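K.L.:
quick one: sequence and predicted model below, then my questions.
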Amino acid sequence: MKKKHNILVIDDDETVLQVIEQILASTGYHVQTALSGRKALELAEIANGEVDLVLTDVVMPEMNGEDLALVFKRTYPATKVLFMSAYLKPGSGRYEELHGKMEFIVKPFSSEKLRGEVKRILS
């Protein structure tokens, strides 16, 4: 039986979270959502780090997506990261310096584009 991938989606906009959760869950992924980086880290700890993909907005209050991803990669190195933003050049470049290519999808995106990017990264 094929393993169901666990995806953690982080965005400070609840509507965006609901839409992405619906798209990915309808594709067969197990999806959890968080409105903040702090909440995302709590959910990952509860899941014992068994998160296959972190899909995070870059620009968020408190902890931005790049800082969140850096914590994730340090704590759960096998977790893949996909950034999303309405801006074409996100972040400070620290993530890319430490982990190579920064996987990125520009908002707004279609459900097909999101599904395709998630499938590509997880395969």
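P.N.:
Okay, I see it.
K.L.:
count the residues that sit near residue 4.
P.N.:
10 (other CB atoms under 10 Å). (C-beta placed from N, C-alpha, C; glycine too.)
K.L.:
list the contacts of the closest residue to it other than its chain neighbours.
P.N.:
Closest residue in space to residue 4, ignoring its immediate chain neighbours: residue 30 at 5.1 Å, by CB to CB, 6 or more residues apart in numbering. Counting by CB atoms under 8 Å, 6 or more residues apart in numbering, residue 30 touches 4, 5, 6, 7.
K.L.:
what's near enough to touch residue 32?
P.N.:
The neighbourhood of residue 32, defined by CB under 8 Å, 6+ apart, consists of 6, 7, 8, 9, 43, 47.
K.L.:
and it, helix, strand or coil?
P.N.:
Recorded secondary structure, residue 32: strand (DSSP: H, G, I helix; E, B strand; the rest coil).
K.L.:
quick check, residue 54 in a strand?
P.N.:
Yes. The assignment for residue 54 is a strand, going by three-state DSSP.
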